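Student: What follows is a predicted structure for the sequence shown.
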Amino acid sequence: MALLSLSPHIVLELVSLGFFIALYLIHRSHRLLPPGPNPIPVIGRVHFPVTRLDLFKKWGESYEDVMTLRIWGRSVIVLNSQRAAFELLEKRAAITSIRPKLIMAHELVGYKDSTSQTNDLALHKMYRRLFATALSARTSQRYWPMEERELRKATLYMLAVPGCSTAALKRAMSAISFFVAYGYNIESDGDAFIDKIVAYMRVYQRILRPGEFLVDIIPILRHLPTWFPGAGFKHQAVHWKQNKEDIHDVPFQRVKRDMATGKALPSFTSTLLEELAIDPMAASKYSEEHVKRAAGSIYTGGNDNNTSSIQSLLVAMLLFPAVQEKAQTELDRVIGRERPPSVADRDILPYCAAIVQEILRWQPATPFALPHALDQDEEFRGYVLPKGTTIMANVWAMTRDESVYPRPEEFIPERHLIVDEKGLRLRETARHLVTFGFGRRVCPGSALAESVVFAGVVSILWACTISRPSGTENFEIEYETFGVRWPKEFPIKFEPRFPGAMDILRSAVYDAEQ
Ligand code: HEM
């Protein structure tokens, strides 16, 4: 009321003063942060330029280890080198393992307590234990035969139907994720359910993108009543939340039914539910609800990353045909043409194993990993990084660091190989790729991902000759980023590499399905 009695002139002066104080405070809070490319004063930029990887590579060189991007005035620390990422995200993981707050994803759609988003560190530790039990490198071996079967089916599909490689790979990856999580084929849930999941993946990737929703920038908007103009995002959130619950619940309940009738096949869910039933100690550590959420993250975490990586294999084979020839020479020499290769052959197929590592380096599916955040103020390289600040890893620039990967834009599997008294084999360091992220949040599905991509490499290259269809030799393949980075549709031709290749694959698939 007192304000209303002031003259308009004084009110204007007070508002201006408030504005300049706010500017000063924002400016002061930015002073102690590392510099960065922020062209608009105070605001910095209006979005995080996820598609401009060329800029991130350039900035990685000019700002060296660490820089600050400001998005609508909010600071995002970007770590440009492996050295900085290890120092902050690995060595100081105790304070850099939380995720930035996203009102839309966490509060409105309900991801607050999910595996990849929870900031409850005890809960997070428990989820990681579930993954260590039911999806360790050793337990994931039980899924190898099913990975081989699905990728052989996808290979046959690509050979039989021109222009279907993306659809074939997406179908195979859905089948694998579902089988690993629940032990049955997703197709038996019907097309409507599959469509629902595919549509939901887009939503999932959208809600996790920092700055995608105004409510993430202005959190107070979450209190808007649903009838208020512009509050449409709240309706969307209710709908998405319900979809999320259904997608997690339908397959989970089916595993429980199958377990009750003795029909359930071994899976992430059945392994943990069995342990819960027989081990009285297990119930004090986790509940069915936790298993349900962790199983849901296998699909959301793994599906698109795996698909994108195998699509990048196809791109690499078109751009670097000599690599295809070398891999096929290795396959002919070691495996021959009487049987298709399997994941268990990985140690005797080092060149093909190195192709997997090179795909993950050359086209990381998530070029910025997932965002971390600081749990307290922290001094780093002479700067003071405030509590709550988002930290992104510039994985793109790290995988293009010429001191580690000479000629980084070229696809060179040899860079991951070593020859010594034991013969040709993968370097010890090859598996420590930054593509799977950092510290306590490092991808818990990396062993599964590597075997799936290997199954794709050997199945496709053993059976097919991949080339550009005539007339498309100069077609420029482009990538797009939607959560995960994908190649846009591109022309590609698959031909059987030798007579009988398709028959051998078909009978291997048939045997596996019996
Ligand atoms: C090529 C395939 C894959 C790539 C490139 C990839 C990459 C990543 C990255 C970069 C992160 C974030 C790490 C960080 O925050 O520092 C992550 C987290 C995660 N990934 Fe993967 N991933 C792949 C496959 C998979 C698979 C197959 C699964 C299934 C089990 C999976 C499940 C998850 C989960 C649950 C998280 C969250 C971990 C947490 O917050 O503690 N990912 N992944």
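Tutor: Now that the structure is in, tell me what you want to look at. Residues are numbered from 1 along each chain as shown.
Student: Write out the residues of the stretch 351-500 of the chain neighbouring the ligand.
Tutor: Proximity of the stretch 351-500 of the chain to the ligand (C-beta under 6 Å from any ligand atom) is limited to residues 365-366, 369-370, 372, 435-438, 441-445, 448-449. Backbone N, C-alpha and C define where each C-beta goes, glycine included.
Student: So which of those residues is the closest to residue 242?
Tutor: For those, the residue nearest residue 242 by C-beta to C-beta is residue 370; the value is 24.6 Å.
Student: Would you double-check that the closest one falls in a helix?
Tutor: No - the assignment for residue 370 (DSSP: H, G, I helix; E, B strand; the rest coil) gives coil, which keeps it out of a helix.
Student: show me the contacts for it.
Tutor: 99, 116, 208, 437, 441 (C-beta atoms under 8 Å, 6 or more residues apart in numbering).
Student: Any chance of a markdown table for these, columns pLDDT and secondary structure?
Tutor: Listed next are the contacts of residue 370 as a markdown table, based on pLDDT from 0 to 100; DSSP: H, G, I helix; E, B strand; the rest coil:
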| residue | pLDDT | secondary structure |
| --- | --- | --- |
| 99 | 96 | coil |
| 116 | 95 | coil |
| 208 | 87 | coil |
| 437 | 96 | coil |
| 441 | 97 | helix |
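Student: now those: which count as buried?
Tutor: Among the contacts of residue 370, those classed as buried by 16 or more other C-beta atoms under 10 Å are 99, 116, 208, 437, 441.
Student: From the residues you listed, pick the one nearest residue 141.
Tutor: Distances from residue 141 to those, taken by C-beta to C-beta, are shortest for residue 437, at 22.8 Å.
Student: My guess is the closest one contacts residue 393. True?
Tutor: Yes - using C-beta atoms under 8 Å, residue 437 is in contact with residue 393, at 7.3 Å.
Student: Need the residues touching each of those two.
Tutor: residue 369.
Student: Just give the nearest non-adjacent residue to residue 200, would you?
Tutor: residue 243 (5.3 Å; C-beta to C-beta, 6 or more residues apart in numbering).
Student: contacting residues for that neighbour?
Tutor: By C-beta under 8 Å, 6+ apart, the residues touching residue 243 are 196, 200, 203.
Student: Please identify which helix or strand holds it.
Tutor: Element membership for residue 243 (DSSP states H and E) is helix 232-260.
Student: which strands and helices sit next to the helix or strand hosting residue 328?
Tutor: Following DSSP H and E, one finds residue 328 within helix 321-334. Counting contacts by 3 or more C-beta pairs under 8 Å, 6 or more residues apart in numbering; DSSP states H and E, helix 321-334 is packed against helix 288-319, helix 350-362, helix 446-463, strand 464-467.
Student: and the next element down the chain from the shortest one?
Tutor: What that stands for is strand 464-467. strand 479-482.
Student: Next secondary structure after that next one?
Tutor: strand 484-487.
Student: buried sites along the helix or strand following that next one?
Tutor: Once the chain leaves strand 484-487, the next helix or strand it forms, by DSSP H and E, is strand 493-496. In terms of neighbour count (16+ other C-beta under 10 Å), strand 493-496 has its buried residues at 493-494, 496.
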